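Q: here's my sequence, what's the structure:
(one chain, ligands or ions: 2)
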Amino acid sequence: MKYISTRGNSPAKTFTEILLGGLAPDGGLYLPEHYPQVTRAELDAWRNLSYADLAFEVLSKFATDIPVDDLRAIISKTYTAEVYCNGRADSNAADVTPLRKVTDGVYILELSNGPTLAFKDMAMQLLGNLFEYALAKDHAELNILGATSGDTGSAAEYAMRGKRGIRVFMLSPNGKMSSFQRAQMYSLQDPNIFNIAVNGMFDDAQDLVKAVSNDHAYKAAHKIGTVNSINWGRVSAQIVYYFKGYFAATKSNDEQVAFSVPSGNFGNICAGHIARMMGLPIGQLILATNENDVLDEFFRTGVYRPRGTAHTYETSSPSMDISKASNFERFVFDLVGRDGAKVREFWSKVDAGAAPDAAAFTIKGTDYWHALPKFHFSSGKSTHEDRLKTIREMWEEYGVMVDTHTADGLKVGLEQRRPSLPLICLETALPAKFEETIVEALGRQPERPAALEGIEDLPQRCVKMDADVAILKAFISANVPA
Ligand SMILES: Cc1ncc(COP(=O)(O)O)c(C=O)c1O
Ligand SMILES: N[C@@H](CCOP(=O)(O)O)C(=O)O
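A: Ligands and ions are numbered 1, 2, ... in the order given. Predicted structure coming up:
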């Protein structure tokens, strides 16, 4: 399997090559040159597999340049009950992603029982082990440059801390994350972890990551890689739990389901889109945004209008405070029939930045607009009041405590679902990460794992920086031995 760039101007590469490289040289994102198809016989055979065995079946269709025994060993070491047991006492850790029934036809897929209590651990733990494997073969080093709105950062740091040959430079929006999220990252004292709080929003941080990655000479000299969903390795690992959730919610492979996905950078729902393209019977992919509703606007109107920092709101689902979703480019590549020139044309406007209320591009009335329904997306948005209401209803009616992002997914999912389809809402974080809003909604504290009690009182280590690519490069250079 080879991987091609969404912008059509980069040489095709293997899974391992793009794993360490991140962004394609033409500024695009990598995708498989075609989506591997899953046959009905395979679906039947996969239905009762353990998470690790299922992950092997799915990922062996993508990581074709890793010897199968090595791939199986890496996956088996990653998806264990020990790694995914951190969440709730009432959860079934052996399942890795247990499916919780809320009421008839409505389910929550638990994706947040890993070490940092968010769905990012599902892919990041694997990425850490894949990096270690790939680097050990060549005795190489990797300097990871990442951007986080709150959860990718801690998941990456917990997955990479202490790993030989790896340093992590993680950019976060200064003062915009929850106090728990800040403490999770900034309290780490490992010498290979560098936390950088950027004056701006997540989009500014992600722009910095892309700017450094697009300086090819700097990237090569400093061995820069990425852990964001820019990295195909992340997205491919996220495809697996759509299969797992589907099998858990259905009795046969003749049934269809709807997935509802709290969305920001479009990585999670992009994985669902790819699972559907591979043949998983997904009848509806429901995209939920918070008040930062750029993606909802696109799916409703065909207008793509990314907002600048000044027009991106700070909300109580802060990890979704994103107005320029990176992975959306991957979906648009498929929407425009994999025409790299068209993506280049669209993204020349996105990258140039537009006036606050101007569209970067619109597909309304074009063939692309008419093609959109065949991808089975629905969308909606959720506000702070909606979030509080959903958290209360889930707790009072069903005894289920959900975090603010999962609440956005539930609100929009319940609103948009086709009643004939079972609805699977992806749980993207645990309530403990967003205690302030849970207390506001319920007047009580969420549970947290004993190991994370008092984490906010630990000493924190973090450098503050303006969103300036030259300053960032100088910081990285100063901390990477020549
Ligand atoms: C808790 C939580 N929910 C939802 C999202 C949105 O996911 P994505 O960026 O993959 O769309 C994120 C961040 O990615 C997150 O951390
Ligand atoms: N919400 C994310 C933003 C980055 O998303 P990614 O999937 O591209 O890493 C976060 O929590 O950092």
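Q: so where's this structure shaky on pLDDT?
A: 87-91, 354-357 (pLDDT under 70).
Q: need the residues of it near ligand 2, please.
A: Selection of the chain residues close to ligand 2 by C-beta under 6 Å from any ligand atom yields 148-153, 202, 228-229, 264-265, 267, 319, 326. (Each C-beta comes from the backbone N, C-alpha and C, glycine too.)
Q: give me that answer again for 8 Å
A: Neighbours of ligand 2 within the chain, by C-beta under 8 Å from any ligand atom: 118, 120, 146-153, 155, 172, 202, 206, 227-230, 234, 264-265, 267-268, 319-320, 322, 326-327.
Q: closest residue of the stretch 51-200 of the chain to ligand 1?
A: Ligand 1 sits closest to D151 of the stretch 51-200 of the chain, with a gap of 3.3 Å, by C-beta to the nearest ligand atom.
Q: once you drop chain neighbours, what's closest to that residue?
A: Nearest non-adjacent residue to D151, counting by C-beta to C-beta, 6 or more residues apart in numbering: A118, 3.9 Å away.
Q: do Q284 as well
A: Looking at Q284 with C-beta to C-beta, 6+ apart, the closest residue is A258, at 3.8 Å.
Q: tell me where the stretch 351-482 of the chain has strands.
A: 361-362, 377-381, 423-427, 463-466 (DSSP state E, counting those that start in this stretch).
Q: if I look at L109, how far off is ligand 2?
A: Using C-beta to the nearest ligand atom, to the nearest Å, L109 is found at 17 Å from ligand 2.
Q: need the three-state assignment for the residue lying closest to that residue once chain neighbours are set aside.
A: Distances taken as C-beta to C-beta, 6+ apart place G245 nearest to L109, at 4.2 Å, with adjacent residues excluded. In three-state terms, and counting by DSSP: H, G, I helix; E, B strand; the rest coil, G245 is helix.
Q: ok, back up a step: dump the residue contacts of the residue nearest to D151.
A: Shown in contact with A118 (C-beta atoms under 8 Å, 6 or more residues apart in numbering): S112, D151, S154, A155, S319, T428, A429, L430, K433.
Q: buried subset of the residues you listed?
A: Applying 16 or more other C-beta atoms under 10 Å to the contacts of A118, the neighbour count classes S112, D151, S154, A155, S319, T428, A429, L430, K433 as buried.
Q: is the fifth one in contact with G153, as I believe?
A: No. The criterion here is C-beta atoms under 8 Å, and S319 misses it with G153 at 10.0 Å.
Q: which neighbours do those two share?
A: Shared contacts of S319 and G153 (C-beta under 8 Å, 6+ apart): Q181.
Q: L280 and ligand 1: what is the separation?
A: Taking C-beta to the nearest ligand atom, one finds L280 at 18 Å from ligand 1.
Q: helix, strand or coil: sort out that residue for me.
A: Strictly by three-state DSSP, L280 counts as coil.
Q: okay, now it: neighbour count?
A: 22 (other C-beta atoms under 10 Å).
Q: how about Y35?
A: With neighbours defined by other C-beta under 10 Å, the count for Y35 comes to 18.
Q: for it, give me its contacts.
A: So Y35 contacts I274, M277, M278 (C-beta under 8 Å, 6+ apart).
Q: for T366, same thing?
A: G302.
Q: does any bit of stretch 18-30 sit next to ligand 1?
A: No. Using C-beta under 8 Å from any ligand atom, stretch 18-30 never reaches ligand 1; the gap is at least 13.3 Å.
Q: first-to-last residue distance for that stretch?
A: Start-to-end span of stretch 18-30 (C-alpha to C-alpha, to the nearest Å) is 8 Å.
Q: start at 19, not 1
A: In the new numbering, first residue 19, that becomes stretch 36-48.
Q: thinking again about what came up before, quick one: which of the residues of the chain next to ligand 2 sit in strands?
A: Using DSSP state E, the subset of those located in strands is G164, A165, S190.
Q: most neighbours among these, which one?
A: A165 (29 neighbours).
Q: which residues does that residue bridge with?
A: Beta bridges link A165 to L189, judged by DSSP bridges.
Q: separation between it and F493?
A: Remark: distance between A165 and F493 (C-beta to C-beta, to the nearest Å) = 15 Å.
Q: helix, strand or coil for L61?
A: Under three-state DSSP, the three-state class of L61 is helix.
Q: need the three-state assignment for the nearest residue to it once chain neighbours are set aside.
A: Nearest residue to L61 in three dimensions, chain neighbours excluded: N271, at 4.4 Å (C-beta to C-beta, 6+ apart). Secondary structure, three-state DSSP: N271 is coil.
Q: got the contact list for N271?
A: By C-beta under 8 Å, 6+ apart, N271 lies in contact with R58, L61, D62, R65, P299.
Q: repeat for T96
A: By C-beta under 8 Å, 6+ apart, T96 lies in contact with A70, A73, Q143, L144, N147.
Q: and what of A343?
A: A343 makes contacts with S281, G282, N283, F284, V312, L313, P324, as judged by C-beta under 8 Å, 6+ apart.
Q: for V312, what are its contacts?
A: Y322, R323, P324, R325, S341, K342, A343 are the contacts of V312 under C-beta under 8 Å, 6+ apart.
Q: how far away is L41 from T24?
A: Taken as C-beta to C-beta, the span from L41 to T24 is 10 Å.
Q: that older thread, what about the residues of the chain next to ligand 2, which are in helices?
A: K138, T170, G171, A173, F220, Q224, R252, G285, N286 (DSSP state H).
Q: I'd like to know how far the closest residue to D404 other than its chain neighbours sits from S28.
A: Using C-beta to C-beta, 6+ apart and skipping the chain neighbours, the partner closest in space to D404 is K429 (4.9 Å). To S28, K429 is 39 Å away according to C-beta to C-beta.
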